[in-house]
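>>> after the sequence you'll find the predicted model.
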Amino acid sequence: MIEPSRGTRRVRAEFLPYSPPSIGQEEIDEVVDTLRTDWITTGPKTKAFEAQFGAYVGAPGATSLMLNSCTAGLHVALATLGVGPGDEVVVPALTFAATANVVEHLGAKPVLADVSPDTLCIDPASVASVVTKATKVLMPVHYAGHPADLDALDALADANGLHIVEDAAHAAPTWYRGTMIGSRANLAAFSFYATKNLTTAEGGALTGAPERLETARVLGLHGMSKDAWKRFDKGGSWAYDIVAPGFKYNMTDIQAALGIHQLRKLAGFHRRRQEVARAYTEAFAGVPALQPPTERSDVVSSWHLYVLRLRTEHLRIGRNAFIEELKARNIGTSVHYRPLHMMSFYADKYGFAPHDYPVARDAFERMISIPLHPRLSDVDVADVVDAVLGIVADHAA
């Protein structure tokens, strides 16, 4: 049980990184073993990881498609559904740019919806207000590891004949009403980036109906009818065809070697994240200047991020100054994210104004992501709490 102290204003001797990876000797040994084999690109370990991850999340057919990033997964998912010029894809205003960028890559239009004030996931009511005859896909983001309201989004999709592609970059492992994200027939893209709950340094996965995954597999490797494993393994054939102008998105066995052991540790990583999140929430609850994140009662968050929002009316400093104060106390932070409509490319192209998505903008201006990862010790957690509460006390309005 973590029992952080409250606002002692002790400054750490060493800097606490925001989100370092949790790599052990098992991962290192597996990578070395891979380097000593004949397969370092997509091969047997990638295939094994695909089956293991698919089984873990309960994916249809107990399989998945490993790719070199979640961005690749989102891109291939939309391409698999035939998204192109003239189509619209609804995405949340508060997300990493990749969610909308892949829509642009396909010549389609990303249409923004605001987010819910509690979870900061896409707001179904806002989605309903922007759906048009040109809408083809709804792309919710399970923000910070909290699942979006999939029942409400399913109802909208069914009523309007739309596809759903889940941006599950933060959602390993996340449960929505007893069901793990990644287990549904619609396509869902996961991230295994260095800061994620499970990492392959760079990498991602796609889950969904097996027939969709097979199309995505072809598109994810140049549009080839056979991948390298099928061509170069014993008994394989050199002959292949190009059936579509695909992409170069395959995962390597070196990456999969990391993922195989990360997946085995994921349940333990998740328990520690839950412990740290509980400690933060207990420490910050009832502090007028702080708004801890929400976890609704019918879900289980992966707790990929702990996004603390400041109530700036109770403080004499704003968010950016608060971050600088944390840095001075040797606490690393980040911000997730600057809303899409406040990014110059999207603002210039579509004429967005900063106030267009008020919930996303308000959250952005008040949010700080504080350290949350399995390597945090109880002392580390106490240091973060002490730093946050100390700054609040020093700068109370």
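Done, it's in.
>>> mind listing the strands for this protein?
Counting by DSSP state E, the chain has strands at residues 65-67, 88-92, 109-113, 135-138, 163-164, 166-168, 175-176, 179-180, 188-191, 204-207, 290-291, 299-300, 306-310, 367-370.
>>> list phi and psi for the closest residue to G332 other than its chain neighbours.
In space, G332 comes closest to Y18 once its chain neighbours are excluded; the distance is 3.6 Å by CB to CB, 6 or more residues apart in numbering. C-betas here are computed from N, CA, C, even on glycine. The phi/psi pair for Y18 (degrees, to the nearest 10) reads phi -70, psi -50.
>>> count of residues packed around Y18?
Neighbour count of Y18, defined by other CB atoms under 10 Å: 15.
>>> contacting residues for it?
Going by CB atoms under 8 Å, 6 or more residues apart in numbering, Y18 touches T195, G332, T333, S334, S369, I370, P371.
>>> switch those residues over to CSV; also include neighbour count.
Below are the contacts of Y18 laid out as CSV (neighbours: other CB atoms under 10 Å):
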residue, neighbour count
T195, 14
G332, 17
T333, 21
S334, 16
S369, 21
I370, 24
P371, 23
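>>> report pLDDT for P85.
P85 carries a pLDDT value of 98.
>>> distance check, the residue nearest to G332 against L65.
Using CB to CB, to the nearest Å, we find Y18 at a distance of 30 Å from L65.
>>> closest one to E275 among the strands of the chain?
Of all these, it is strand 306-310 that lies closest to E275, at 11.8 Å by CB to CB.
>>> output that closest one as CSV, restricted to C-alpha atoms.
Output in CSV follows, covering the C-alpha atoms of strand 306-310 (Å, rounded to 0.1, in the frame of the first residue of the first chain):
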residue,chain,number,x,y,z
TYR,A,306,-2.6,10.0,-15.3
VAL,A,307,-3.8,13.3,-16.6
LEU,A,308,-4.2,15.7,-13.7
ARG,A,309,-6.2,18.9,-14.5
LEU,A,310,-5.6,22.1,-12.5
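>>> ok now that strand, how far from the chain's centre?
17 Å (CA atoms, centre = their mean, to the nearest Å).
>>> then stretch 34-45?
Computed by CA atoms, centre = their mean, the chain-centroid distance of stretch 34-45 equals 27 Å.
>>> renumber starting at 611 from here on
Sounds good: first residue 611 from here, last item stretch 644-655.
>>> averaged pLDDT, stretch 811-825. What do you get?
Computed over stretch 811-825, the average pLDDT equals 97.
>>> identify the bridge partners of the residue nearest to P702 when sequence neighbours are not counted.
Distance criterion CB to CB, 6+ apart; nearest residue to P702, sequence neighbours excluded, is I732 at 4.0 Å. Beta-bridge partners of I732, counted by DSSP bridges, are V725.
>>> list the contacts for I732?
I732 is in contact with V700, V701, P702, A723, D724, V725, S726, P750, V751, A758, L763, counting by CB under 8 Å, 6+ apart.
>>> I'd say R971 and A963 touch.
No - here R971 lies out of contact with A963, judged by CB atoms under 8 Å, at a distance of 9.8 Å.
>>> sorry, back to before: please produce a markdown table containing the contacts of Y628, extended by pLDDT and distance to R646.
Putting these into a markdown table (pLDDT from 0 to 100; distance: CB to CB, whole Å) gives the following:
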| residue | pLDDT | distance to R646 |
| --- | --- | --- |
| T805 | 98 | 29 |
| G942 | 98 | 36 |
| T943 | 98 | 40 |
| S944 | 98 | 37 |
| S979 | 98 | 39 |
| I980 | 98 | 41 |
| P981 | 98 | 36 |
